[in-house]
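In: got a predicted structure plus its sequence, pasted below:
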Amino acid sequence: MTVQDPSRAPTSEEAWLTAAYEALTTMGVEAVKIMPLAKQLGVSRTSFYWHFKDRDALLEAIIRHWEDKNTGNLVARTEAYAANICEAAFNLFDCWLDPDLFDARLDLAIRNWARTDARLQKRLDQADARRERALTAMLERFGYTGDNALVRARTMIYTQIGYISMQIRQSEDRRLALTSTYVEVFTGEVPAQSDIDRFQARHQFNDLTATAG
């Protein structure tokens, strides 16, 4: 049996999760296996067990990260302060433009994985239902009711799922420029220039920060 060299600190949990994430998002869940990950990280298999009970525990950690980051942040953005529905929609759209809030690659990988895993599909369905409730509630705060609120919420959700699943390639500048039109289509309201300017300013600032980093 191979024993971890006691003079060498075991690879961090974050390193294992990052390697598993890359395998999942590029090759699918079948590629998330302990030995290939250990080889990629340049460590022994036994170092894995410093952090995770087994492969299932590693996969569960990825799923929880997806739930917390993608669904958690999406719900939080729908609950953020907004003076009007257009500003509220722009708050939500922060998720589509800021990978620190919403990981599109991971969302697609989870959806692909769920096709062959009934238990994960159930959790995906629950996450989608939570997202739908959050968007519907956001719309209801600004006077939309019944099926009108529900259909608008679903339209926003389904559009983004389709955008991710089709892996649309578009420049960030072009995508940013189209957001005000999406807001108008989804809400039926023309956003004020001040709301557009605030939204674009924070994402242009994020782009400059990322470039400087």
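Out: Yep, it's here.

In: okay, CA-based contacts and neighbour counts for the rest of this
Out: OK.

In: for the residue nearest to Val29 when sequence neighbours are not counted, what are its contacts?
Out: Counting by C-alpha to C-alpha, 6 or more residues apart in numbering, the nearest residue to Val29 once its immediate chain neighbours are dropped is Trp113, at 6.3 Å. Residues near Trp113 by C-alpha atoms under 8 Å, 6 or more residues apart in numbering: Gly28, Val29, Leu120.

In: one more pass at 10 Å, please.
Out: Leu24, Thr25, Gly28, Val29, Glu30, Asp107, Leu120, Gln121 (C-alpha atoms under 10 Å, 6 or more residues apart in numbering).

In: likewise Thr11?
Out: Contacts of Thr11 (C-alpha under 10 Å, 6+ apart): Ala38, Leu41, Gly42, Val43, Ser44, Ser47, Phe48, Trp50, His51.

In: one more time with 8 Å, if that's ok
Out: Residues counted as contacts of Thr11 (C-alpha under 8 Å, 6+ apart) are Leu41, Val43, Ser47, Phe48.

In: what's the neighbour count on Ser12?
Out: Applying other C-alpha atoms under 10 Å, we find 13 residues neighbouring Ser12.

In: would you enumerate the residues in contact with it?
Out: Counting by C-alpha under 8 Å, 6+ apart, Ser12 has contacts His51.

In: return the distance of it relative to Asn73.
Out: As judged by C-alpha to C-alpha, to the nearest Å, Ser12 and Asn73 stand 25 Å apart.

In: Cys95 now?
Out: Cys95 is 7 Å from Asn73, by C-alpha to C-alpha.

In: between those two, which contacts overlap?
Out: Leu101, Phe102.

In: circling back: and which of the contacts of Trp113 is nearest to Ile85?
Out: Asp107 (25.7 Å; C-alpha to C-alpha).

In: which residues does Met35 contact?
Out: Arg45.

In: which SSE is it in?
Out: With elements delineated by DSSP states H and E, Met35 resides in helix 34-41, which encompasses its position.

In: for Leu106, same thing?
Out: Going by DSSP H and E, Leu106 is part of helix 104-114.

In: how distant is that helix from the center of its chain?
Out: 9 Å (C-alpha atoms, centre = their mean, to the nearest Å).

In: just the mean pLDDT for the following helix or strand past that helix, thanks.
Out: Note on helix 104-114: by DSSP H and E, the next helix or strand toward the C-terminus is helix 118-141. Helix 118-141 shows a mean pLDDT of 98 in the predicted model.

In: kindly calculate the angle that helix 118-141 makes with helix 104-114.
Out: 130 degrees (axes from the mean of the first three to the mean of the last three C-alpha atoms, to 10 degrees).

In: next one: helix 118-141 to chain centre, how far?
Out: 13 Å.
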